[in-house]
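In: predicted coordinates and the sequence they were generated for:
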Amino acid sequence: MRFSLFDSPLCCIAWLLRLCSVLFPAMLAARPFQQAPDSASSISAPADTATIVRPSEAPAFPLPADTAVGVPQTEPYRLRPFDMITNLPEDWWLWTKEVFNVENIPTIAWLGVLTGMTIHADYESWQQLKRPYDDSHIFREFSNRGVDMGDGKFQFGIAAAFGLYGFVASDQRALRTASQTVEVILSCGAVVQLLKHITGRESPVVTTTPTGRWDFFPNQIEYHKHVPHYDAFPSGHIATALATLTVVANNYPEATWIRYIGYPAVTLVGVGLVATSIHWWSDIPLGLALGWSFGTIVASRQPPAAVPEDQSLRSSSRLLSPQPYLGILSDGTPSIGLSWSW
């Protein structure tokens, strides 16, 4: 009897969940990202320090700009309209400096070994998802929606939603989240595209070998004429999805439910990418690492400081500033509420 690690789609999903559970702690165990001493940034409080509150005690969500969590305030921080563009060179510099150092050699080596191991099983694991994708309408729709959540338009939509709310409610934290979401898509996406143009790996949908042909430093004219033949490694979809989740979760550390929803959603993206033959499983680990690292760097910028009462960043009309909140009912059921005051 032949035994395979990827005997069913559910096994593949479990494999990706296990990969996430191993990858993230390994990253966290490495030297944490730190801003340069002369940088005007600081890292916000970790999500595991958040306290669950009941609706009657729940603070507004998003919190007002003068209640930033876990950050010592010195002078007011003002979000500039083009921070999402002007911060890019610093993002790339910090990422290069923080990733490529002696302390991270074990993590980088482990990531390489993990990628190599998944390359060895790429064909079998891809087929185990491709068959149900071809045969099952439900699984096909499930996989397609997963891909949609990582294609960039979904993430830009999240940024637009935060931006609209922040503009209407004069909420600086929402505006900062919108700006940082766009920033992380651009900064992480540029590195992903650079690596794709260097590695030139075939996607499963057009593969000519069991695990995809690698054409390092491919002809760029051919690349742009036949993109699927060269752009599999690493996965930009999974990198964008995790980078956006990291930015949003770090900007709202008290909303622990974001991670409980977000990580399964990122898993769905990964399953969809393999099932639809866009990516191999081995394209996923480096994509996750890029998304997490850039998301952490971008989200660690200093949040707005407290401002004088006469310079409040919130709307002068409270009717235009609804206050959503999250909490736990007496029976333990999660709850969401929305309130106005006048």
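Out: On my side now, so go ahead. Quick caveat, the model's predicted, so the values are computed rather than measured.
In: can you get me a residue count around Phe142?
Out: 17 (other Cβ atoms under 10 Å). Any C-beta I mention is one placed from the backbone N, CA and C, and that applies to glycine too.
In: work out for me the element it sits within.
Out: Using DSSP states H and E, Phe142 sits within helix 137-148.
In: what sits against Gly200?
Out: Contacts for Gly200 (Cβ atoms under 8 Å, 6 or more residues apart in numbering) come out as Trp214, Asp215, Phe216, Phe217, Pro218, Tyr223, His229, Tyr230.
In: now Phe154: how far from Arg213?
Out: 30 Å (Cβ to Cβ, to the nearest Å).
In: show me where the protein has strands.
Out: 323-328, 334-339 (DSSP state E).
In: what mean pLDDT does the helix holding Phe142 get?
Out: The pLDDT scores in helix 137-148 average 96.
In: other SSEs contacting it?
Out: Applying 3 or more Cβ pairs under 8 Å, 6 or more residues apart in numbering; DSSP states H and E, we find helix 137-148 packed against helix 122-135, helix 257-275.
In: from Gly272, how far off is Asp91?
Out: Distance from Asp91 to Gly272, by Cβ to Cβ: 28 Å.
In: out of the two, which sits in the busier spot?
Out: Gly272 (26 against 20).
In: wait, isn't that one in contact with Phe139?
Out: No - using Cβ atoms under 8 Å, Gly272 is not in contact with Phe139, being 9.9 Å away.
In: can you list the weak-confidence ranges in the stretch 1-150 of the chain?
Out: 1-77 (pLDDT under 70).
In: in stretch 184-198, what's buried?
Out: By 16 or more other Cβ atoms under 10 Å, the buried positions in stretch 184-198 come out as Val184, Ile185, Leu186, Ser187, Cys188, Gly189, Val191, Val192, Leu195, Lys196, His197.
In: so for the longest helix anywhere in the chain, mean pLDDT?
Out: Across the chain, the longest stretch assigned as helix under DSSP state H is helix 172-199. On average, the pLDDT along helix 172-199 is 96.
In: and for Arg145, nearest residue in space, chain neighbours not counted?
Out: Setting aside the residues directly before and after it, Arg145 is nearest to Gly272 in space (Cβ to Cβ, 6 or more residues apart in numbering), at 7.1 Å.
In: quick one on the thing from earlier: now distance to Met117 and pLDDT too, for the contacts of Gly200, in JSON lines please.
Out: Below are those laid out as JSON lines (distance: Cβ to Cβ, whole Å; pLDDT from 0 to 100):
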{"residue": "Trp214", "distance to Met117": "17", "pLDDT": "97"}
{"residue": "Asp215", "distance to Met117": "22", "pLDDT": "96"}
{"residue": "Phe216", "distance to Met117": "21", "pLDDT": "96"}
{"residue": "Phe217", "distance to Met117": "25", "pLDDT": "96"}
{"residue": "Pro218", "distance to Met117": "25", "pLDDT": "96"}
{"residue": "Tyr223", "distance to Met117": "28", "pLDDT": "96"}
{"residue": "His229", "distance to Met117": "25", "pLDDT": "96"}
{"residue": "Tyr230", "distance to Met117": "23", "pLDDT": "97"}
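In: which among those gets closest to Val266?
Out: Tyr230 (24.8 Å; Cβ to Cβ).
In: show me what stretch 271-278 is in contact with.
Out: Stretch 271-278 has contacts (Cβ under 8 Å, 6+ apart) with 9, 12-13, 16, 125-126, 129-130, 132-133, 139-140, 142-147, 149-150, 203-205, 232, 235, 237-238, 279-281, 283-284.
In: list only buried entries from these.
Out: 9, 12-13, 16, 125-126, 129-130, 132-133, 139-140, 142-143, 146-147, 149-150, 203-204, 232, 235, 237-238, 279-281, 283-284.
In: what is the burial count for Gly152?
Out: Neighbours around Gly152, by other Cβ under 10 Å: 14.
In: OK, contacts around it?
Out: Ile185, Gly189, Gly236, Thr240.
In: likewise Thr207?
Out: Neighbours of Thr207 in contact, by Cβ under 8 Å, 6+ apart: Arg213.
In: give me the low-pLDDT residue ranges for the stretch 201-342 of the chain?
Out: Ranges of the stretch 201-342 of the chain meeting pLDDT under 70: 302-342.
In: tell me the helices in it, going along the chain?
Out: For the stretch 201-342 of the chain, the helices defined by DSSP state H, counting those that start in this stretch cover 220-225, 236-251, 257-275, 284-299.
In: closest to Gly163 out of these?
Out: Of those, nearest to Gly163 by Cβ to Cβ is helix 236-251, at 12.8 Å.
In: and the closest one, which residues are buried?
Out: 236-251.
In: from these, pick the one nearest Gly116.
Out: The closest of the buried residues of helix 236-251, once distances to Gly116 are taken by Cβ to Cβ, is Ile238, at 18.1 Å.
In: ok, the closest one to Gly146 distance?
Out: 10 Å.
In: ok, so of the contacts of Gly152, who is nearest Ala160?
Out: For the contacts of Gly152, the closest approach to Ala160 (Cβ to Cβ) belongs to Ile185, at 12.1 Å.
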